[in-house]
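Peer 1: starting from these lines, generate the structure:
(one chain, ligands or ions: 2)
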Amino acid sequence: MGYGDYYICRNCSYFGPEYVDTSNKRFSKDPDLRKQILSGSYGDRPKELIISSPDAEYQLKGFLYLCRNCGEMSSESGVIIKAGNKELYRPAKNCRICGKKMKEINSGENVKCPKCGKTLIIEDSRLWD
Ligand SMILES: [Zn+2]
Ligand SMILES: [Zn+2]
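Peer 2: Ligands and ions are numbered 1, 2, ... in the order given. Below you'll find the predicted structure:
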């Protein structure tokens, strides 16, 4: 049972990875997330930042990435950290196929099919449950 969204192609049946749209979540000092960050689950940099910045707030986000070089898509959860209006940290991802830096796709953004070039549509997997 899924709970996220997928980019799919109606033309060639390309199926992107599931991602969870968390764009309406707020930044906070959530104690559970803080524990996870401090345990190093999201890397060393986020951990250092929340220790060194007392007013840091954070958000767990389901990121969706697209490789502009080879068309690979992948999804991953990560944290964004900010203090006031300043963003301190946002994860970056390299393509597992070609190693190039991937582009982060915003929820609802128009994406072209990596196989056939037609515009992908978003399917909500919750409709299938
Ligand atoms: Zn296609
Ligand atoms: Zn690639």
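Peer 1: tell me where this structure has strands.
Peer 2: 5-8, 56-66, 73-83, 86-89, 103-105, 121-124 (DSSP state E).
Peer 1: can you redo those strands as CSV with distance to ligand 2 and mean neighbour count?
Peer 2: No exception for glycine: its C-beta is placed from N, CA and C like everyone else's. Shown next, in CSV, are the strands of the chain (distance: least, C-beta to the ion, whole Å; neighbours: other C-beta atoms under 10 Å):
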stretch, distance to ligand 2, mean neighbour count
strand 5-8, 16, 20
strand 56-66, 9, 21
strand 73-83, 9, 18
strand 86-89, 23, 15
strand 103-105, 10, 16
strand 121-124, 22, 14
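Peer 1: can you pull the pLDDT of the residue most central in space within the chain?
Peer 2: Centroid-nearest residue in the chain: Phe63, 0.5 Å away (criterion: C-alpha atoms, centre = their mean). Looking at Phe63, its pLDDT reads 92.
Peer 1: surely it meets Met73?
Peer 2: No - using C-beta atoms under 8 Å, Phe63 makes no contact with Met73, being 11.1 Å away.
Peer 1: report how many residues lie close to the closest residue to Cys12 other than its chain neighbours.
Peer 2: Closest residue in space to Cys12, ignoring its immediate chain neighbours: Cys116 at 4.3 Å, by C-beta to C-beta, 6 or more residues apart in numbering. For Cys116, the count of nearby residues is 12 (other C-beta atoms under 10 Å).
Peer 1: with Asn106 instead?
Peer 2: Neighbour number of Asn106 under other C-beta under 10 Å is 12.
Peer 1: ok, the helix or strand bottoming out on mean pLDDT in the chain near ligand 1 or not?
Peer 2: The weakest-scoring helix or strand in the chain, judged by mean pLDDT, DSSP states H and E, is strand 121-124 (a mean of 88). No - if you take C-beta under 5 Å from the ion as the test, strand 121-124 misses ligand 1, and the best it gets is 10.4 Å.
Peer 1: neighbouring strands - and their directions - for that strand?
Peer 2: Note on strand 121-124: by DSSP bridges, its sheet partners are strand 5-8 (antiparallel).
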